[in-house]
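Trainee: Got a sequence here, can you build the structure:
(2 chains)
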Amino acid sequence: GESVGLHLPTLSVQEGDNSIINCAYSNSASDYFIWYKQESGKGPQFIIDIRSNMDKRQGQRVTVLLNKTVKHLSLQIAATQPGDSAVYFCAERNNAGNMLTFGGGTRLMVKP
Amino acid sequence: KAGVTQTPRYLIKTRGQQVTLSCSPISGHRSVSWYQQTPGQGLQFLFEYFSETQRNKGNFPGRFSGRQFSNSRSEMNVSTLELGDSALYLCASSWTGYEQYFGPGTRLTVT
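Mentor: Numbering: from 1, shown residues only, chains lettered A, B, ... in the order given. Okay, here's the model as predicted:
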């Protein structure tokens, strides 16, 4: 079925290192992808998005890469900081509607 | 610009009761979506409203319903609550249906 999944449930990195969070999706009809960050007790916070006609998009310290050939999405965080510790979700939007399908989430832990 | 607000933030109900949750979207946003978040099932789409009409619906039983008002504020209702309905209910608003911004959620506990 259509699903979005993450390769790793937990990622532990050293402060200052770069982090890479991966996501696989199976719905080739998805036209839009979003990464969210969720801290404990809060709702998901929009980080960055990318449309299916792009393969890379950069924001402040974050980069999203989209590989449509292998249906893979990744979020790169440069110079990871303790404040980046959270659960990260990827989500895809099916072009048939506005619903988002979320992956299971990856917990990022930043060691000082 | 104020973000998405949800009320109440916490709620405890008993099995069989019903509950109504409220969501006020970001000013100017006409699309409001609802999601249920549980440790076991993750984030799951409930429904989306746009200009007072339900535009999309997820795979949830009919006990889950919603509506949207002319000012874009939205409510969702769950009738005949079950223990499995305990979850964080999240509302997200959007201008275009693409970028969706979430509120803090309502934590519902059913006992």
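Trainee: Setting aside sequence neighbours, what's the nearest residue to the residue nearest the centre of chain B?
Mentor: Of all residues in chain B, the one closest to the mean position by CA atoms, centre = their mean is B:Trp34, 3.5 Å from it. The spatially closest residue to B:Trp34, leaving aside those adjacent along the chain, is B:Leu46, at 4.1 Å (CB to CB, 6 or more residues apart in numbering or on different chains). Bear in mind the C-beta positions are built from the backbone N, C-alpha and C, glycine included.
Trainee: Verify the contact between that neighbour and B:Gly62 for me.
Mentor: No: counting by CB atoms under 8 Å, B:Leu46 does not reach B:Gly62; the two are 11.9 Å apart.
Trainee: more neighbours, these two?
Mentor: Using other CB atoms under 10 Å in any protein chain shown as the criterion, B:Leu46 and B:Gly62 rank with B:Leu46 on top: 22 against 6.
Trainee: Look up how far A:Ser30 lies from the more buried one.
Mentor: According to CB to CB, to the nearest Å, B:Leu46 stands 19 Å off from A:Ser30.
Trainee: Show me the strands in the chain, by range?
Mentor: Answering for chain A, as no chain was given. Listed in chain order, the strands of chain A (DSSP state E) span residues A:4-6, A:10-14, A:19-25, A:30-38, A:45-51, A:56-58, A:62-67, A:72-77, A:86-94, A:100-102, A:106-111.
Trainee: Not quite, go with chain B.
Mentor: With DSSP E as the criterion, chain B has strands spanning B:5-7, B:10-13, B:19-24, B:31-38, B:42-50, B:53-57, B:64-68, B:74-78, B:87-94, B:101-102, B:106-110.
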